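**Q** Need a 3D model of the sequence below.
(chains A and B)
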Amino acid sequence: MRVLLFSALVLLMSMASAPYSGRKIPDVQIKTLDQQPYQTADIKNEDGPIIISFWATWCSPCKRELNAIAEDYIDWQDETGVKLVAVSIDDARNVPKVKPYVNGQSWDYDVLLDPNGDFKRAMNVNNVPHTFLVDSDGNIVWQHNSYAPGDELELYDLVVKLSNGESISE
Amino acid sequence: MKTNTTYTWALCAFSALSLFSSPLFAQQSEEQQGLLQGGQIHGNVDIYAQSYNRDSLIGAPIVPEKSGINAFTNLIFTKGNFSAGVRIESYLPPVQGFDPRFGNEQIGIPFRYATYSKEGLEVTAGNFYEQFGSGMILRSYEERALGIDNAFDGVRLKYSPFQGVYLKGLIGDQRYYWDKSDGFVRAFDGELQINELVQTLESSPLRLSLGGSFVSKFQERGASDLELPENVGSYAGRMQLDYKNFGVVGEYVYKINDPSADNNYIYRPGQGLFLSATYSRKGFGLNVQGKTMDNMSFRSDRNALINDVFINYLPALTRQHTYNLAATLYPYATQPNGEIGIQADMIYKIKRGSKLGGKYGTTIQINASFINGHDTTQLSSVDELATNEYLPDDPTRQGYDVDLFSIGDEVYYRDYNIEIDRKFSKKLKVKLTYVHFQYNIDLVQGTATNKSVFAEIGIVDVLYKISKKHSIRIEAQTLFSEQDQGDWAFGLIEYGISPHWFFTVLDQYNYDNPNPDLEIHYPTAQVVYVNKANRFSLGYGRQRAGIFCVGGVCRNVPAANGLTLAITSSF
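**A** Predicted coordinates:
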């Protein structure tokens, strides 16, 4: 019971202190799809918002989400300038399969590799899929865990709002 | 094991930081504001609780407390180049299936750190996770759902003196539940990114990187009849070469004699080689991996067992299945004492609009893995080795003789699988999967059946979008086997209402067990509510162990009968 109370307290504290406002993407060194070192502070998009989506090749809901977005991604980009960064948390067991999968599915996303969970921990991700929305100033303004078919519509509504300069954090 | 001092100081310091940087202290002095202004606190919470009903039929253990809770809270403070964090863990008591030693403390802080980085230099004091190359020589990581956390506790430096040169050095103990491992680790890794280093190659289509690691552990000899080495060194070299659509990765690791509980305290050196080749273009991807290793279990305590205090990471060279029956009944586990294997994985997307591909295209994935033991010559039997006495036929206590590239007769594992994924309309998507396993159950699960398990699995997964926000997903799976537990069936219905709700019912049924008393149903019902980064799930029913994907998230769960509550939140 102590744990529940304690956790509830932590949760309340965190919610009370308007957590999303002004939070920047933490800087951690991970890798590009070609295994080159990459600083996460370099995740930028001058043309509009950024979607950061944590996924893995073994995670069916993650693949459902990213494949659903992939179908409309060109339209999303044209209409809002949004960029999607798909961060794979596949470890050494599956990391060699990430690039074949990404190309096999013809994804046009920026794909990063986080094989030891460094970025995942810095972003406080518990489980995949976990999706973040970042405004064009680099502030994390929204996040969502898990995927149900149709979630991409809510995400796109928020992307449109952001690209129109509307605030989405409450 | 060394005694573990308390981390109260860390908690106090952290609480102080938290308070000062929170809005509650808006009235703080200018000076304090200067110190902590712009600092932020973020974190997450992960609570997993389960109640236990008596269920002798499925072999559910009797739990006196009738419930278990694992709870994790991460708090990270960041300001500019500085970051510090703690993880509070509690087990009241540990959920069944997790090591009972997690229950040695009810609540505590097994993980705390501070990091500062500037101009290519990063210093971390306290706990940290690290991986060199593919992890074959060193990887510390946390896999909470599996109860694995071999975090280092010490100091780590990362330094990039020039563009293209990346150096890492570390020293530390490893986490052993609420304690520290008996030995400690010193490690160094260097990586050269040739295209960054040599300016003229910057835009070359040929990309090359080279890396090398040295890892050494120290552990006192202790009481033993054997002359045990206190220092055990290990080194590894790796390279990665990419050219346009092609890529090759390779790593070789060598470890000097490391007598341990894993290898019956023999003095053989360990070796491992991993190679992976990839070709991919739009709509097609191919990856072939090969691995051979001998005597490569590497831990910071020679007497450690199960998943404790591993320094390196040796994943299985097989597909990580996610569908229930394929994922949970016969999963392969790497044999660190020796195995040789190959795995091929192909994905092909048949173009949309073509006759075969249909209006929306069709994706085909084929995967196969083959793993055997080596062809070894025994020099001493396990019983002889157990005596710890001088062995005239094996004077240097090598245990056995082996050629790293030999393929023995004993089949460890076979997996051939194919998956066809097709979208028929805007509303309907169907995925068909077929899996064939040959599984050396004696080797992996320690049984004595003297026969392999052969299993054929068929899976149909149908997703139907009823409206923009409502969807229904149905899974039907069946497994046929003449061995072990015989035939299984599995059915699942998941109703999703985006973005908040999931309602799931499922049943697993061992309908043709050789023992009719064990022809058991495992029904479960679950409700999930998601609000942004908060997720609450409540389930009731019988569960078998394994990776379990419901409500958009996958996690590992142990066997049980009862109520399950899971809460995760990120902030």
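**Q** drop to CA atoms for contacts and neighbour counts, all remaining ones
**A** OK.
**Q** Chain A: strands as residue ranges?
**A** A:29-32, A:37-39, A:50-55, A:83-88, A:110-113, A:130-134, A:140-145 (DSSP state E).
**Q** can the shortest one be found next to chain B?
**A** No - applying C-alpha under 8 Å from any C-alpha of the partner chain, one finds strand A:37-39 separated from chain B by no less than 8.6 Å.
**Q** Now B:Gly283: closest residue in space, sequence neighbours ignored.
**A** Nearest non-adjacent residue to B:Gly283, counting by C-alpha to C-alpha, 6 or more residues apart in numbering or on different chains: A:Gly104, 4.1 Å away.
**Q** pretty sure the one you found contacts B:Tyr348?
**A** Yes - counting by C-alpha atoms under 8 Å, A:Gly104 does reach B:Tyr348; the two are 5.9 Å apart.
**Q** which residues do those two both contact?
**A** Residues touching both A:Gly104 and B:Tyr348 by C-alpha atoms under 8 Å, 6 or more residues apart in numbering or on different chains: B:Gly283, B:Phe284, B:Gly285.
**Q** thinking the second one is in contact with B:Lys351, fair?
**A** What it means is B:Phe284. No - with contact defined as C-alpha under 8 Å, B:Phe284 does not count as touching B:Lys351 (10.7 Å).
**Q** which of these two has more neighbours?
**A** B:Phe284 (22 against 16; other C-alpha atoms under 10 Å in any protein chain shown).
**Q** Identify the residues contacting the more buried one.
**A** A:Pro100, A:Asn103, A:Gly104, A:Gln105, B:Met346, B:Ile347, B:Tyr348, B:Lys349.
**Q** now those residues in TSV, with pLDDT?
**A** Formatted as TSV, the contacts of B:Phe284 follow (pLDDT from 0 to 100):
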residue	pLDDT
A:Pro100	96
A:Asn103	95
A:Gly104	94
A:Gln105	94
B:Met346	97
B:Ile347	97
B:Tyr348	96
B:Lys349	94
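**Q** how about low-confidence regions in chain A?
**A** In the predicted model of chain A, residues A:1-22, A:169-170 satisfy pLDDT under 70.
**Q** How many residues are close by B:Pro336?
**A** 21.
**Q** residues near B:Pro331, how many?
**A** By other C-alpha under 10 Å, neighbour count at B:Pro331 equals 21.
**Q** Secondary structure element holding it?
**A** Assigned by DSSP states H and E, B:Pro331 belongs to no helix or strand.
**Q** The one 10 residues further on too?
**A** In this assignment (DSSP H and E), B:Gly341 forms part of strand B:338-350.
**Q** what lines up beside that strand in the sheet?
**A** According to DSSP bridges, strand B:338-350 forms sheet pairs with strand B:284-294 (antiparallel), strand B:362-372 (antiparallel).
**Q** near chain A at all, stretch B:211-226?
**A** No - Stretch B:211-226 is not in contact with chain A by C-alpha under 8 Å from any C-alpha; minimum separation 12.3 Å.
**Q** mind listing the helices in chain A by residue range?
**A** Along chain A, the stretches classed as helices by DSSP state H are A:2-16, A:60-80, A:98-104, A:118-122, A:151-163.
**Q** Show me what the last one is packed against.
**A** What it means is helix A:151-163. helix A:60-80 (3 or more C-alpha pairs under 8 Å, 6 or more residues apart in numbering or on different chains; DSSP states H and E).
**Q** Tell me the residues of the stretch 51-200 of chain B that contact chain A?
**A** That would be B:Ala71, B:Thr73, B:Asn74, B:Ile76, B:Ser90, B:Tyr129, B:Glu130, B:Gln131, B:Ser134, B:Gly135, B:Tyr141, B:Gln193, which are the residues of the stretch 51-200 of chain B within reach of chain A (C-alpha under 8 Å from any C-alpha).
**Q** For these, work out which two are farthest apart.
**A** With distances taken as C-alpha to C-alpha, the most widely separated pair in those is B:Ser90 and B:Gln193, at 42.3 Å.
**Q** Tell me the confidence at B:Phe548?
**A** With respect to pLDDT, B:Phe548 scores 47.
**Q** Which residue, other than its chain neighbours, is closest to the closest residue to chain A within the stretch 51-200 of chain B?
**A** Nearest residue of the stretch 51-200 of chain B to chain A (C-alpha to the nearest C-alpha) works out as B:Ser134 at 5.6 Å. Among residues not flanking B:Ser134 along the chain, A:Ala92 sits closest, at 5.6 Å (C-alpha to C-alpha, 6+ apart).
**Q** How about the contacts made by that neighbour?
**A** Contact analysis of A:Ala92 by C-alpha under 8 Å, 6+ apart lists A:Pro115, B:Ser134, B:Gly135, B:Pro315.
**Q** From B:Ala316, how far out is the closest residue to the first one other than its chain neighbours?
**A** For A:Pro115, the nearest residue in space outside its immediate sequence neighbours is A:Asp91; the separation is 4.3 Å by C-alpha to C-alpha, 6+ apart. When distances are taken as C-alpha to C-alpha, to the nearest Å, A:Asp91 and B:Ala316 turn out to be 11 Å apart.
**Q** again with B:Ser297
**A** In terms of C-alpha to C-alpha, B:Ser297 sits 14 Å off from B:Ala316.
**Q** okay, those two: which has more neighbours?
**A** Comparing B:Ser297 with B:Ala316 by other C-alpha under 10 Å, the one with more neighbours is B:Ser297, at 26 against 19.
**Q** which residues sit in contact with the more buried one?
**A** B:Asp262, B:Phe310, B:Asn312, B:Pro336, B:Asn337.
**Q** pLDDT score assigned to the residue nearest to the third one when sequence neighbours are not counted?
**A** Of all residues not flanking B:Asn312 in the chain, B:Leu138 sits nearest, at 4.1 Å (C-alpha to C-alpha, 6+ apart). For B:Leu138, the pLDDT comes out at 97.
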